[in-house]
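Enquirer: Here you go, sequence then predicted model.
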Amino acid sequence: MGFPGTWMTESESVVYRVVPKCACSTIGQIMFYSDHGKFFDGDIHDAEKGLHKWAREDSQKLINANVKTHTSYAFTCVRNPYTRILSSFFDKICGIQRNGKRYRGNLVPLLIQKYGIEVGGDDGKEEFDQIRSFRRFLLFVRDTIRWRRPMEPDIHWSAMSGHVSTFIVNGGRYNKIFWTEAFNDGMQDVLSAIDTPHKVDLGSIPRFNESEGHGPKRAHPVEDYFDDMAMHLIYEIYRRDFDLFKYDFENPANKMPIGEIDLDEVHAKLGD
């Protein structure tokens, strides 16, 4: 299986396991900058050189050798499951993607037909009942994760613990897991622990939110989207994420973690 979703700088200064919807565009650009002294011109997910990625066949041997011997500092970044699933809905379901089309072709028409959701019209800009549509989307997410129908779970809403675990199961070990909600502190810890060809001044780095503007703006506070049934579904899907990464399941309004991530616990529970 190897190390899907793993990126590494060409200098091998650092290894990163991508978790979708968790600041991955900004992290990738920081890694690129730390090697080359400039940012990648475009969406870092499209970069085919300048950064080793498991999806590139020519990078796989190097990543495999590095990760299995724990040669470089390895990290990942996680996010509150409530805000992450909302972001996935507005970006991937309601939004027009950077290629000018809907995400995954027939996915949105399928959701409209089978689950009765609305997405704000052809361009995602019309008003619609966001709360009702989001809750119906949650049923779809649960169906994909629990029964793998009407399709396999998508990486943007499959559990973070699943992404994080493949790195461990195949022989990797994390030196750091930090929260998107405390991005500067966590990313600074990573940068302070490694040597890079180019120094990174985190304070001057822009945020590369590639999904910004794809879809409609969220019209309500986070907690308004989650009634008792929605919270039940969220816990069914993301229980491990709340437990391991110390987020507050009881209060969707609180996006901040309520404890410290225990790396030994993460490795023990996700290394099965």
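Expert: Received, thanks.

Enquirer: neighbouring contacts of stretch 61-77?
Expert: With C-beta atoms under 8 Å, 6 or more residues apart in numbering as the test, stretch 61-77 has contacts from 2-3, 6, 8, 12-19, 22-24, 27, 52, 54, 163-164, 167, 170-180, 183, 186-187, 190, 193-194. The C-beta positions use only the backbone N, C-alpha and C, and glycine is treated the same way.

Enquirer: Count the neighbours of residue 226 for me.
Expert: By other C-beta atoms under 10 Å, 22 other residues sit near residue 226.

Enquirer: close enough to count as contact, it and residue 252?
Expert: Yes: when contacts are counted by C-beta atoms under 8 Å, residue 226 is listed as touching residue 252 (4.5 Å).

Enquirer: so what sits against both of those two?
Expert: Residues touching both residue 226 and residue 252 (C-beta under 8 Å, 6+ apart): residue 82.

Enquirer: if we can go back for a sec, from the contacts of stretch 61-77, list just the buried residues.
Expert: Listed as buried from these are 3, 6, 8, 12-19, 22-24, 27, 52, 54, 163-164, 167, 170, 172, 174-180, 183, 186-187, 190, 194; burial here means 16 or more other C-beta atoms under 10 Å.

Enquirer: Which ones among the residues you listed lie within strands?
Expert: 6, 8, 14, 15, 16, 17, 52, 176, 177, 178, 179 (DSSP state E).

Enquirer: What is the most widely separated pair among those residues?
Expert: Spanning the widest gap among those are 52 and 179, at 25.2 Å by C-beta to C-beta.

Enquirer: Can you show me the helices along the chain?
Expert: With DSSP state H as the criterion, the chain has helices at 24-36, 57-68, 81-88, 107-115, 130-147, 160-169, 183-193, 228-245, 263-270.
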